[in-house]
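Undergrad: below is the sequence, then the predicted model.
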Amino acid sequence: MDAGEQWVTIAAVLLGSVSTHLTNYAMERQRKKHELVTRWDSKKLDAYEGYVDSVRSCIFLAVQLYEHREGLRTGEMSEPEMLAEMSAAGRLRGRAFERIMLLGGDDVVEAAHDLNALALKVDWQANGRIGGTLEEWRERHRAVFRGINDFHEAARSDLGVDGGVTGEKHPERDLLLPPAQREAGRGS
C-alpha cells in the first residue's frame, strides 16, 4: 500500500469518526430537548390541573356560604368558619394562579386571568360584597364554568392535546339543578 492509499484510508477513518461524533451529538441534543419539553409539559399539566381544582374548590365553598346566607341550606359550619375556609381556599387559588403565570403559554395565562375575574364575582356575591338575585347568581356560575371550559381549551392547545371540550361534538351545557329548584328558579 503506497502513501496515497494510506492517506485516503486515514481520511476516511477521520471522516467516519467525525460524522459519528456529529450524529451522536445531534441525537443526544435532540433527546435532551425532548426530555426538557416532556418535563415542562408534565409541570404545566400539574399546574393546570391544580389551578382548575382550586377554582372549583372556591366555587363549592362559595355555594355553601351563599346557600347558608340565603337560607337555602343550613350549613354544618358557622358563617365565620365558612368565610375563613373561603379565604384559605382563595389563597391557594392565588398560588395556583402564580404557577400558571410561570409556566403557561400566552393564551393559557389570558384564559386564567378571565377565569379569575369570573370566579371572584361568585366569591363576592357569596360573601355579600356585591348583591344579586338568584338568577344573577346562577348566571355567574354559568359564566365561571364557561371560563373553566375556555381555560381547558387553552391548556389543551398549549399541551398539544387534540380535540376540544366545546364545539359541535360537545355543546354547551347548563347548570345541573334538582327538579324542584329548577322549577322554583323559573319563577324568580
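TA: Noted; the coordinates are in hand. Numbers count the residues shown, from 1 in each chain.
Undergrad: please make it C-alpha for all contacts and neighbour counts, starting now.
TA: OK.
Undergrad: could you identify the longest helix within the chain?
TA: helix 3-69 (DSSP state H).
Undergrad: and that one, average pLDDT?
TA: In this model, helix 3-69 has a mean pLDDT of 85.
Undergrad: stretch 142-153 now?
TA: 95.
Undergrad: that stretch: how far from the chain's middle?
TA: 10 Å (Cα atoms, centre = their mean, to the nearest Å).
Undergrad: go on, stretch 95-104?
TA: 9 Å.
Undergrad: do stretch 150-162 as well
TA: 9 Å.
Undergrad: ditto for stretch 5-17
TA: 57 Å.
Undergrad: ok, stretch 72-88 next?
TA: Relative to its parent chain, stretch 72-88 has a centroid offset of 26 Å by Cα atoms, centre = their mean.
Undergrad: likewise for stretch 130-140?
TA: Counting by Cα atoms, centre = their mean, stretch 130-140 comes out at 25 Å from the chain centroid.
Undergrad: next: stretch 112-131.
TA: Using Cα atoms, centre = their mean, the offset of stretch 112-131 from its chain centre is 18 Å.
Undergrad: who touches it?
TA: Residues outside stretch 112-131 that contact it (Cα atoms under 8 Å, 6 or more residues apart in numbering) are 55, 58-59, 62-63, 65-66, 69, 83, 97, 100, 132, 137, 140-141, 143-144, 147-148, 151.
Undergrad: can you turn the buried subset of these into a selection I can paste into PyMOL?
TA: PyMOL command restricting these to the buried ones, with burial defined by 16 or more other Cα atoms under 10 Å:
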select buried, resi 55+58+59+62+63+65+66+69+83+97+100+137+140+141+143+144+147+148+151
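Undergrad: just the element for Glu153, please.
TA: Element membership for Glu153 (DSSP states H and E) is helix 134-159.
Undergrad: Arg129 now?
TA: Take DSSP H and E as the rule and Arg129 turns out to sit in neither a helix nor a strand.
Undergrad: how many neighbours does it have?
TA: 9 (other Cα atoms under 10 Å).
Undergrad: do the same with Tyr25
TA: 12.
Undergrad: if we can go back for a sec, just the angle between the helix holding Glu153 and helix 3-69, please?
TA: Orientation check (axes from the mean of the first three to the mean of the last three Cα atoms, to 10 degrees): helix 134-159 against helix 3-69 gives 170 degrees.
Undergrad: so how far is helix 134-159 from its chain's centroid?
TA: 11 Å.
Undergrad: that helix - contacts with which helices or strands?
TA: Packed against helix 134-159, as judged by 3 or more Cα pairs under 8 Å, 6 or more residues apart in numbering; DSSP states H and E, are the following elements: helix 3-69, helix 106-126.
Undergrad: out of the ones you listed, deepest packed?
TA: Among the helices and strands packed on helix 134-159, helix 106-126 has the highest mean neighbour count (mean count of other Cα atoms under 10 Å), at a mean of 19.
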